[in-house]
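Participant: Sequence first, predicted model second:
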Amino acid sequence: MIKFAIVGCGRVSSLHFAAIEKAPDTMLAAVCDTDEAAAKKAAEENGLSTYYTDLEEMLRKEEIDVINICTPSGTHADVAVIAAAHKKHILCEKPMEVTSERMQRVIDACEENGVLLSGVFQRRNTDMVQIAKKTVAEGKLGKVILADAYLKYWRSQEYYDSGDWRGTWELDGGGCLMNQGIHGIDMLIYVAGRVKSVTAKCATLARDIAVEDTATVLLNFEHGGMGVIECATSVFPGQDTIISVHGTEGSISFGTSGFLSWQLPDGSEAPAVSNDMGGLNCAWAGNSLHAILVEDMAEAVRDGRKPLVDGKEARHAVDVILAIYESARTGKEVFIQ
Ligand SMILES: NC(=O)c1ccc[n+]([C@@H]2O[C@H](COP(=O)([O-])OP(=O)(O)OC[C@H]3O[C@@H](n4cnc5c(N)ncnc54)[C@H](O)[C@@H]3O)[C@@H](O)[C@H]2O)c1
């Protein structure tokens, strides 16, 4: 049994509890939240007799292999550094952190302590993303020319007011891009390739928040192809996610629940897919997708191998978003390191 402990028992933690229950040979060992009521409730609901409000105390007292970091985004490094120092492997919710320096702190802490680091990008595990990635990698679209992500969501003012960290630079790290759009940006990168540079405009058009609720981006990929991102939490009603990849020989696009177009030179039909991203505008992609990451982490710990989404993989989408913010601030094209 690989023993997992959840730090941060808010909204997303329910997916982690369900995933640990579902994945084979994994178990929940402990929970911690600085809000005692949240920690107590999570312990009661998940069959634990103890709960913690102090991370160090939990790490001293409990036998734990992996810490699942489910705290506000701009606190991930603080938790990770302490957990790694106690030789715990880390499964970290997206975004890994909200600045380049803080992401590097997470990666360095894991490397220095010889523990594994896995990021949560559960939508990579949908059938359609796996099929799309393989199709592009096998060259079936020819040379990739254009690759786009349309990420138009709706989040109310009440959503932003529901937690004092939401919609802040310090703890959310940004707005529609860093919190919601990051999933689509990660899928785009995973399927179509790493991004070399961006030119962007960001604006706050509809919500009373410090960060962007609307963004448009021009992309240049490392392979020479180009693309666009449109992202918002300000449009009503929210729309399905759409990712499109167009090559010299074929084009595919997929949305929240399956392929929207499949135009390959072999004339094949779009493959049927058995899972989706969790429904229209649903931030809570199906539990099974988190369970795949929990199972992968348990196997990686047992076999001493890299997890599916390692630190380098987990940080690229955040690096792209940070470059978008810099471009929007400076009006210049920004190159990703
Ligand atoms: N993968 C996904 O689809 C997905 C969906 C939603 C949220 N998330 C990510 O999960 C993280 C949490 O989001 P949420 O919506 O669950 O937030 P939330 O506000 O509902 O929950 C966060 C919890 O962490 C606790 N907390 C804060 N600081 C802490 C600390 N230092 N130590 C222990 N507990 C602490 C809070 O008391 C709260 O209970 C964010 O990084 C977010 O981006 C991912």
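Facilitator: The structure has been received and is ready for your questions.

Participant: pretty sure Ser261 is touching His246, no?
Facilitator: No. Between Ser261 and His246 there is no contact under Cβ atoms under 8 Å: 9.8 Å. Yep, even glycine has a C-beta here, placed from its N, CA and C like the rest.

Participant: The two: which has the busier surroundings?
Facilitator: Comparing Ser261 with His246 by neighbour count (other Cβ atoms under 10 Å), the higher total belongs to His246, at 21 against 13.

Participant: What strand or helix carries the more buried one?
Facilitator: Per DSSP states H and E: His246 is located in strand 242-247.

Participant: For that strand, which outside residues touch it?
Facilitator: Outside strand 242-247, the residues within contact range by Cβ atoms under 8 Å, 6 or more residues apart in numbering are 132, 136, 141-150, 184, 187-188, 191-192, 251-255, 260-261.

Participant: Report the next helix or strand after the strand or helix carrying Ala77 in sequence order.
Facilitator: If you go by DSSP H and E, Ala77 is part of helix 76-85. Counting by DSSP H and E, the next helix or strand C-terminal to helix 76-85 is strand 89-92.

Participant: Who are the packing partners of the helix or strand harbouring Gln104?
Facilitator: According to DSSP H and E, Gln104 maps onto helix 100-112. Packing partners of helix 100-112 (3 or more Cβ pairs under 8 Å, 6 or more residues apart in numbering; DSSP states H and E): helix 76-85, strand 89-92, strand 117-119, helix 311-330.

Participant: hang on, the earlier thing: who touches the helix holding Ala77?
Facilitator: The contact list for helix 76-85 (Cβ under 8 Å, 6+ apart) reads 7-8, 55-56, 59, 67, 69, 71, 90, 92-93, 95-97, 102-103, 105-106, 109-110, 112-113, 115, 117.

Participant: same thing but 6 Å
Facilitator: Helix 76-85 is contacted from outside by 7, 55, 67, 69, 71, 90, 92, 97, 102, 105-106, 109-110, 113, 115, using Cβ atoms under 6 Å, 6 or more residues apart in numbering.

Participant: Report the distance from that helix to the chain centre.
Facilitator: 18 Å (Cα atoms, centre = their mean, to the nearest Å).

Participant: Report the buried residues of it.
Facilitator: Buried residues in helix 76-85, defined by neighbour count with 16 or more other Cβ atoms under 10 Å: 76-84.

Participant: now do stretch 5-23
Facilitator: For stretch 5-23, a neighbour-count test (16+ other Cβ under 10 Å) marks 5-9, 12-20, 23 as buried.

Participant: what's the pLDDT at Asn287?
Facilitator: According to the prediction, Asn287 has pLDDT 56.

Participant: should've said Thr256
Facilitator: So Thr256 comes in at 83 (pLDDT).

Participant: Surely it and Asp240 touch.
Facilitator: Yes. Thr256 lies in contact with Asp240 (Cβ atoms under 6 Å); the separation is 4.2 Å.

Participant: Endpoints of stretch 219-231, how far apart?
Facilitator: In stretch 219-231, first residue to last residue: 13 Å (Cα to Cα, to the nearest Å).
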